[in-house]
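S.K.: Please work out how this folds:
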Amino acid sequence: MTYELLINGEKKVVDVPADTPLLWVIREELELKGTKFGCGMGLCGACTVHLDGQPARSCITPVAAVGKASLTTIEGLPAQAGAELHPLQEAWIRNSVPQCGYCQSGQLMAAAGLLNENANPSPDEIRQHMSGNICRCGTYSEIERSIRETIAAKAQPEEGK
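M.R.: From the prediction side, this is the model:
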């Protein structure tokens with residue numbers, strides 16, 4: 001079947017079976033390689049993307065389920081005006097989060113989804129939200145620190161008003 005997807009702000013047409021996992025459409029049909037295959041069962045989070053701003057596991061989401069939703073991959077994670085990277089990506093780099101780096105696109109997309117929902121989550125809310133994303137290298141404390149720094153940096157301009 002033919003599907004028209006709105007991905008990273010661009011319309012793309014793919015011709016795949018309805019039950020094709022979105023992950024394979026992204027990686028193989030659209031050749032966006034940032035979204036990773038981890039477990040294939042939606043348990044590890046490496047394949048996390050956004051559907052209308054909400055985190056979704058692309059390995060278990062069939063392309064037919066996307067419908068008219070706006071799809072964002074790590075390649076389309078929006079940066080602030082004039083910036084090349086999303087503030088979370090900048091914090092990730094500053095805190096040396098990536099070790100092997102395999103899970104990082106999924107971690108970033110999950111973190112961005114959290115901040116889309118809740119601009120000021122508590123440490124417990126951060127840990128709860130991120131608990132579904134596995135990091136083989138165990139950089140969980142650096143991930144949490146990066147999220148907290150992003151929240152603090154966003155709040156600083158407001159404090160100066």
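S.K.: which SSE is residue 12 in?
M.R.: Element membership of residue 12, judged by DSSP states H and E, is strand 10-15.
S.K.: Quick one: distance of that strand to the chain centre.
M.R.: Put simply, strand 10-15 sits 20 Å off its chain's centre (C-alpha atoms, centre = their mean, to the nearest Å).
S.K.: For the next helix or strand after that strand, what is the distance to the chain centroid?
M.R.: Remark: after strand 10-15, the chain's next helix or strand is helix 22-24, criterion DSSP H and E. Relative to its chain's centre, helix 22-24 lies at 14 Å (C-alpha atoms, centre = their mean).
S.K.: Now do the domain split for the protein, please.
M.R.: 2-75, 87-155 (automatic domain parsing).
S.K.: residues touching the residue nearest to residue 105 when sequence neighbours are not counted, list them.
M.R.: With C-beta to C-beta, 6 or more residues apart in numbering as the criterion, residue 105 has its nearest non-adjacent residue at 3.8 Å, and that residue is residue 74. C-betas here are computed from N, CA, C, even on glycine. Neighbouring residues of residue 74 by C-beta atoms under 8 Å, 6 or more residues apart in numbering: 34, 35, 49, 105, 108, 109.
S.K.: Same check on residue 90?
M.R.: Per C-beta under 8 Å, 6+ apart, neighbours of residue 90: residue 83.
S.K.: what helix or strand does it sit in?
M.R.: Taking DSSP H and E as the criterion, residue 90 maps to helix 87-94.
S.K.: what is the rounded mean pLDDT of the next helix or strand after that helix?
M.R.: Per DSSP H and E, helix 87-94 leads on to helix 104-117 as the next helix or strand towards the C-terminus. Helix 104-117 shows an average pLDDT of 96 in the prediction.
S.K.: Can you name the residues in contact with helix 104-117?
M.R.: For helix 104-117, contacts defined as C-beta under 8 Å, 6+ apart pick out 34-36, 38, 44-50, 53-55, 72-74, 77, 86, 88-89, 92, 97-98, 121, 125-126, 129-130, 132-133, 135, 143, 146-147, 150-151.
S.K.: Show the pLDDT at residue 159.
M.R.: Note on residue 159: pLDDT of 50.
S.K.: tell me the centre residue of this protein?
M.R.: Of all residues in the chain, the one closest to the mean position by C-alpha atoms, centre = their mean is residue 109, 1.5 Å from it.
S.K.: Can you give me the separation between that residue and residue 50?
M.R.: 6 Å (C-beta to C-beta, to the nearest Å).
S.K.: now swap in residue 64 and tell me
M.R.: Counting by C-beta to C-beta, the gap from residue 64 to residue 50 is 18 Å.
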